[in-house]
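Peer 1: no sequence on hand, only this structure:
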């Protein structure tokens, strides 16, 4: 379907005879009298030849449209969610998020055999210039003990497709933190993988349904 182009508008451009302030008004205002908003002097819109304005709001790129759609959905999806909060969203359009999770999980203790509980987690998600063709860059800003998460990255690449919604990725990371989702076959953290394998009976650490209802 072809989009209808916005109509062009003919304008009359002139200056106040008293203070030289520039004005640009629609051509059908020709001959009208008014007061200058700067000096208060009387002005008359001249009958001069109008100038056709070709300026229009720039069209958003496909990536910018996707980022805007993601941001709108993120705000709607998690607005009333009790286990996830968008701490910050930056960029124009938004391409970097800090997400806070309130989920029962663990961080490494004095030894890998005895991790300690942790209830609050912060994740940074960056959407690169190649997004959504390439996966978001996700990393923990707080400690975590998980087979598929290390200090530099959260392993989401094996499942990412360009059609996946960012809000769904946020939920999937939450499921990882809760140990509802983990993979011990090709881990980033071998010690955490061994711990998970030995403690299957205690998993997941958080059993809640982490899928907020669609609005």
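Peer 2: All right, it came through fine. Keep in mind it's a predicted model, so treat the numbers as computed, not measured. Numbers count the residues shown, from 1 in each chain.
Peer 1: mind giving me the domain ranges of the protein?
Peer 2: 9-53, 62-202 (automatic domain parsing).
Peer 1: comparing those domains, which comes out most buried?
Peer 2: Neighbour counts (mean count of other C-beta atoms under 10 Å) averaged over each of the domains of the chain peak at domain 62-202, with a mean of 16. Where you see a C-beta, it was placed from the backbone N, CA and C, and this is true even at glycine.
Peer 1: mind listing residues that contact the biggest helix by length in the chain?
Peer 2: Identified as the longest helix of the chain according to DSSP state H is helix 62-77. If you take C-beta atoms under 8 Å, 6 or more residues apart in numbering as the criterion, helix 62-77 is touched by 60, 86, 89, 91, 93-95, 97, 127, 129, 131-132, 165-167, 170, 212, 214-215.
Peer 1: repeat for stretch 151-162
Peer 2: Residues external to stretch 151-162 that are found in contact with it (C-beta under 8 Å, 6+ apart): 123, 132-140, 148-149, 169, 172-173, 176, 183, 188.
Peer 1: coming back round to it: among the contacts of helix 62-77, which are in helices?
Peer 2: For the contacts of helix 62-77, secondary structure assignment (DSSP H) places 166-167, 170 in helices.
Peer 1: do I have it right that residue 122 meets residue 144?
Peer 2: No - contact criterion C-beta atoms under 8 Å: residue 122 and residue 144 do not qualify, at 10.1 Å.
Peer 1: and the ones in helices among the contacts of helix 62-77, which is closest to residue 33?
Peer 2: Using C-beta to C-beta, residue 166 is the member of those that lies nearest residue 33, at 54.3 Å.
Peer 1: test my guess that that closest one contacts residue 136.
Peer 2: Yes - using C-beta under 8 Å, residue 166 is in contact with residue 136, at 7.1 Å.
Peer 1: shared neighbours, these two?
Peer 2: Joint contacts of residue 166 and residue 136 (C-beta under 8 Å, 6+ apart) are 125, 127.
Peer 1: which ones among the contacts of helix 62-77 map onto strands?
Peer 2: 86, 89, 97 (DSSP state E).
Peer 1: quickly list what the second one is bridged to.
Peer 2: Just to be clear, that refers to residue 89. residue 97 (DSSP bridges).
Peer 1: that one and residue 127: what is the separation?
Peer 2: 11 Å (C-beta to C-beta, to the nearest Å).
Peer 1: helices of the protein, start to end?
Peer 2: Along the chain, the stretches classed as helices by DSSP H are 62-77, 166-177, 190-198.
Peer 1: among the helices and strands of this protein, which has the poorest mean pLDDT?
Peer 2: strand 51-53 (a mean of 57; mean pLDDT, DSSP states H and E).
Peer 1: and residue 169, what is it in contact with?
Peer 2: 125, 136, 138, 156, 160.
Peer 1: repeat the analysis, applying 7 Å as the threshold.
Peer 2: By C-beta atoms under 7 Å, 6 or more residues apart in numbering, the contact list for residue 169 reads 136, 156.
Peer 1: got it, and residue 128?
Peer 2: With C-beta under 7 Å, 6+ apart, residue 128 has these contacts: 134, 137.
Peer 1: same thing with the one 5 residues further on?
Peer 2: By C-beta under 7 Å, 6+ apart, the residues touching residue 133 are residue 162.
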